[in-house]
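Chemist: quick one: sequence and predicted model below, then my questions.
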Amino acid sequence: MSVATRPVWFGAWLAAAALGLAGCGGGGVSVTDTASGGAGSGSTAGGDGQWRWELPADFPVPAVPADNPMSTAKVELGRYLFYDVRLSGNGTQACASCHQQDKAFTDGLATAIGSTGAAHPRAAQPLVNVAYHPTLTWANPSLVTLEKQMEVPLFGESPVEMGVNDGNKDAVLGRLAGDPLYPPLFAAAFAQDTAPIRWDNVIKAIATFQRSIVSAGSRYDAFEAGKGTLSAQELRGMQLFFGEKAECFHCHSGPNFNDQFVHSTTRVLETPFHNTGLYNLGGTGAYPEPNRGVFELTGKPQDMGMFRAQSLRNVELTAPYMHDGSIPTLEAVLDFYAAGGRHITSGPYAGDGRANPLKDNLVSRIDLNEQEKADIVAFLKTLTDHDLITNPKYANPFAQ
Amino acid sequence: MNTNKTIVTRTRVFALALTAAAAVAACGGGSDSSSDQPQSVSVQFAVTNGSTPVKCGDTLTGLGTTQASAAVHDLRFYITNLALVNDQGVAVPVTLDANEWQLTRGGETVSLIDLEDATGACDTATNTKETHAAITGTVPAGTYVGLKAAMGVPDQLNHGAIAGGAAPLDIAAMAWSWQSGRKFAKIELDPVGGLTTAPSVSNPHGGTGSTFYLHIGSTGCAARTDANGAAVLDSAGNPTYSCAAPNLMDFSLAAFNPSSQQVVLDLGQLLSGSDITQDGGGAPGCMSGTTDPECPAIFNQLQINFGAGADGLPINGGAAQKIFRAAAK
């Protein structure tokens, strides 16, 4: 088995792989046997028997679509597909090209580039703990399952991402069917299917792999579990983060450090979106096209600039920041929030975001000095899970 | 009404019928004895610019407010719940033949009309050689004088998966996944001289493009949730959706004879209030965005309530629409 184009970033995490599991200082792990019928976890049909969630302490069992239950065989097939460049129309790009393990499944770019070179208007999303997101992508209340979301990168035309279309979709499947690797993987993952190499199963398998990327093995988690320490600066940053001065926690809280979180026994779900004052074009409150947040979907004036708060887990690894990658560093992000928005004084995007009429009330000017900002940045870096970025469970199976 | 033809009981009509196998059989016994025999019907669709037939490879002229010229880039749309209207004024659903262009599910029908053949400016990676111009099926024997249908996909079928979805809802090019639905119509034109986007507040750079896109579909879609915020699932366990603006276009033709006539979508009429060489913002052309400046003129032609806060429903059943009409084959 070989793949024509090996992602160039592979060497980086291979070098780091020696750290392996030993690097995980995470909190306790709970094992949930979903075969016993946990709500929302579905049965184990469609594969090789039981799936056991190995979840960090305090992480609830994720919600899983009833027609796509978890299985180890599906996760394994999904991992191969996720890393296979043959899944793009022109054979140049895999899911992993824009979702790179060493960057917490982002790509390090301000905005992503598709397989045909088309520029994506927004930044690649991290995929860690994505099973807990009730809505997907940056600002879309209609995308609520990974299976549905995946149609966007696979089949999307504006922009082209993976570049699968009606003209090549059969040929792309043919590449998989023609490789001795895949028929047994599909057969194991979809045992009840007589002809399982189909697009719906490709999507189900990749979604299952994505749901398996559950991680909370950071130094912060170890500290919370009483199994590790934080430095004095990190502790000061944590106090500020969770305090009423910086108020970061209003939007970045809970197991995933965000404010949209769904699981198998969710009773009350909130899916807020926020305008953080990043833009205020010409003083009108507008954001630049085609990045106007939920407004792009709904056309409602009140949805201008509304985006989903990003999980801050591994935020050290996911620069540059914001939906359009327009803030390069964590330090600059802190400057942005301390100012209560972004004042762009010249150029085509000029406008005082601090005065955006739709800005969230919680994004207000904070009197943070340089030390305090540095403390918060130091705390944010304790949210990095170094096991995640080297864990073989999530790694490129073609790069042996 | 004097141009109407009945398709069952008058012998002279059968001479015109192209899909007359069942009709001929029904004819032999006279209308009374064959009244319980389903009648084959084929409803042909075509696209024109005024009275001029349109196909990929053509350069259209005299389009819109600037009398622009443009090449055809794509010509596809879904037709839902096609019915023939009988002489009692009752809309009788056409029972569709089962094929990869036509789907019947949950008491609703949808067909893809695909009039692009991947030639000329339609020769792109997302176009296909296959075409489908006629919806075929049966109706109960009777006297039919008109036609009623909608352009689009019924909501209960609109949001299912593309991959693995039932044909013809599995066409990747018709996916509109960002709204968790489908493009109801994908009509695209390449204006001669291109498309210029003037700088605006929200698009300060402006720009140029090659294609004026008409993508009609349901907008403002969100997953349905209950009072506790939990997703409302369908019987298969999949999310259900509600859309602020369904944007299904109802239309009816008071006089229509499927044997001698076809349903024509007139691009000239559709674009008659539009300048296809300029884009004022939003998507290039109209992708159904409620604040897109190119959309009001288009939706006026579709006769759908449109705009911020509008319900996206047909105006008076589309009674005043002029883009679909009956024309001789």
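Modeler: Nice, I can see it.
Chemist: give the contact list for whichever residue of the stretch 51-200 of chain B sits closest to chain A.
Modeler: In the stretch 51-200 of chain B, the residue found nearest to chain A is B:G164; the distance is 2.7 Å by Cβ to the nearest Cβ. In short, each C-beta sits where N, CA and C put it, glycine included. Applying Cβ atoms under 8 Å, 6 or more residues apart in numbering or on different chains to B:G164 gives the contacts A:R198, A:W199, A:D200, A:N201, A:I203, B:D170.
Chemist: try 10 Å
Modeler: A:E147, A:R198, A:W199, A:D200, A:N201, A:V202, A:I203, A:K204, B:D170 (Cβ atoms under 10 Å, 6 or more residues apart in numbering or on different chains).
Chemist: where's it relative to A:V160, distance?
Modeler: Relative to A:V160, B:G164 is positioned 22 Å away (Cβ to Cβ, to the nearest Å).
Chemist: cool, and B:A150?
Modeler: Distance from B:A150 to A:V160, counting by Cβ to Cβ: 31 Å.
Chemist: just A:S264 next, same as before
Modeler: Applying Cβ to Cβ to A:S264 and A:V160 gives a distance of 35 Å.
Chemist: follow-up on the earlier one: report the buried members of the contacts of B:G164.
Modeler: A:E147, A:W199, A:D200, A:N201, A:V202, A:I203, A:K204, B:D170 (16 or more other Cβ atoms under 10 Å in any protein chain shown).
Chemist: farthest pair within the residues you listed?
Modeler: The span of the buried ones among the contacts of B:G164, defined through Cβ to Cβ, is set by A:K204 and B:D170 at 15.5 Å.
Chemist: which bits of the stretch 251-400 of chain A sit near chain B?
Modeler: Applying Cβ under 10 Å from any Cβ of the partner chain, we find that the stretch 251-400 of chain A lies next to chain B at A:262, A:266-271, A:279, A:281-292, A:294-301, A:303-304, A:347-351.
Chemist: please pick the buried ones from those.
Modeler: By 16+ other Cβ under 10 Å, those give A:262, A:266, A:269, A:271, A:279, A:281, A:285-289, A:291-292, A:294-300, A:303-304, A:349, A:351 as buried.
Chemist: point out where chain A drops to low pLDDT.
Modeler: A:1-49, A:400 (pLDDT under 70).
Chemist: would you map the helices across it?
Modeler: A:10-16, A:72-82, A:95-98, A:146-149, A:151-155, A:169-177, A:182-189, A:199-212, A:219-224, A:232-242, A:295-298, A:330-339, A:370-380 (DSSP state H).
Chemist: do the same with chain B
Modeler: B:11-14, B:21-28, B:30-33, B:155-158, B:267-270, B:295-302.
Chemist: show the average pLDDT along the last one.
Modeler: Same thing as helix B:295-302. Across helix B:295-302, the average pLDDT comes to 98.
Chemist: which other helices and strands contact that helix?
Modeler: strand B:185-191, strand B:212-216, strand B:249-253, helix B:267-270, strand B:285-286 (3 or more Cβ pairs under 10 Å, 6 or more residues apart in numbering or on different chains; DSSP states H and E).
Chemist: can I get the ones you listed in TSV including distance to A:Y83?
Modeler: Listed next are the helices and strands packed on helix B:295-302 as TSV, based on distance: least, Cβ to Cβ, whole Å:
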stretch	distance to A:Y83
strand B:185-191	33
strand B:212-216	33
strand B:249-253	44
helix B:267-270	45
strand B:285-286	37
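Chemist: for A:L127, find the nearest of those.
Modeler: The nearest among the helices and strands packed on helix B:295-302, by Cβ to Cβ, is strand B:212-216 at 28.8 Å.
Chemist: and the nearest residue to A:T208 once chain neighbours are set aside, how far is that from chain B?
Modeler: Computed as Cβ to Cβ, 6 or more residues apart in numbering or on different chains, the closest residue to A:T208 that is not its neighbour in sequence is A:K74, at 4.2 Å. Counting by Cβ to the nearest Cβ, to the nearest Å, the gap from A:K74 to chain B is 15 Å.
Chemist: how many neighbours does A:K74 have?
Modeler: If you count neighbours by other Cβ atoms under 10 Å in any protein chain shown, A:K74 ends up with 29.
Chemist: how far does stretch B:226-244 sit from its chain's centre?
Modeler: Put simply, stretch B:226-244 sits 27 Å off its chain's centre (Cα atoms, centre = their mean, to the nearest Å).
Chemist: what about it, start to end distance?
Modeler: Using Cα to Cα, to the nearest Å, one end of stretch B:226-244 lies 17 Å from the other.
Chemist: list the buried residues in it.
Modeler: B:A230, B:A231, B:N238, B:P239, B:Y241, B:S242, B:C243, B:A244.
Chemist: of those, which belong to strands?
Modeler: Members of the buried residues of stretch B:226-244 lying in strands (criterion: DSSP state E): B:Y241, B:S242, B:C243, B:A244.
Chemist: most widely separated two among those?
Modeler: Greatest spatial distance in those: B:Y241 and B:A244, 10.7 Å, computed using Cβ to Cβ.
Chemist: any residues in contact with both of the two?
Modeler: Going by Cβ under 10 Å, 6+ apart, residues that sit against B:Y241 and also against B:A244 are B:S218, B:C221, B:A222.
Chemist: returning to what we had before: I'd say the residue nearest to A:T208 and A:I203 touch.
Modeler: No. Here A:K74 lies out of contact with A:I203, judged by Cβ atoms under 10 Å, at a distance of 11.1 Å.
Chemist: I'd like the buried ones among the contacts of B:G164 written out as JSON lines, with distance to B:T104 added.
Modeler: Putting these into JSON lines (distance: Cβ to Cβ, whole Å) gives the following:
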{"residue": "A:E147", "distance to B:T104": "25"}
{"residue": "A:W199", "distance to B:T104": "23"}
{"residue": "A:D200", "distance to B:T104": "21"}
{"residue": "A:N201", "distance to B:T104": "25"}
{"residue": "A:V202", "distance to B:T104": "27"}
{"residue": "A:I203", "distance to B:T104": "25"}
{"residue": "A:K204", "distance to B:T104": "26"}
{"residue": "B:D170", "distance to B:T104": "15"}
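Chemist: before we move on, back to that, which residue of A:S264 and A:V160 possesses the greater neighbour count?
Modeler: Neighbour comparison, A:S264 and A:V160: the larger count goes to A:V160, with 22 against 18 (by other Cβ under 10 Å).
Chemist: just list whatever residues bridge to that one.
Modeler: When bridges are called by DSSP bridges, A:V160 pairs up with A:E157.
Chemist: quick check: it touching A:H120?
Modeler: Yes. Using Cβ under 10 Å, A:V160 is in contact with A:H120, at 9.2 Å.
Chemist: joint contacts of the two?
Modeler: With contacts taken as Cβ under 10 Å, 6+ apart, A:V160 and A:H120 have A:G114, A:P153 as neighbours in common.
Chemist: interface residues of the stretch 1-150 of chain A facing chain B?
Modeler: Counting by Cβ under 10 Å from any Cβ, the stretch 1-150 of chain A comes close to chain B at A:40, A:42, A:63, A:65-68, A:89-90, A:116, A:134-135, A:137, A:140-145, A:147-150.
Chemist: could I have the buried ones of these as ChimeraX selection syntax?
Modeler: Burial among the residues of the stretch 1-150 of chain A next to chain B is assessed by 16+ other Cβ under 10 Å; the matching ChimeraX selection reads:
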select /A:40,42,63,65,67,68,89,90,116,134,135,137,140,141,142,143,144,145,147,148,149,150
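Chemist: no more questions from me, cheers.
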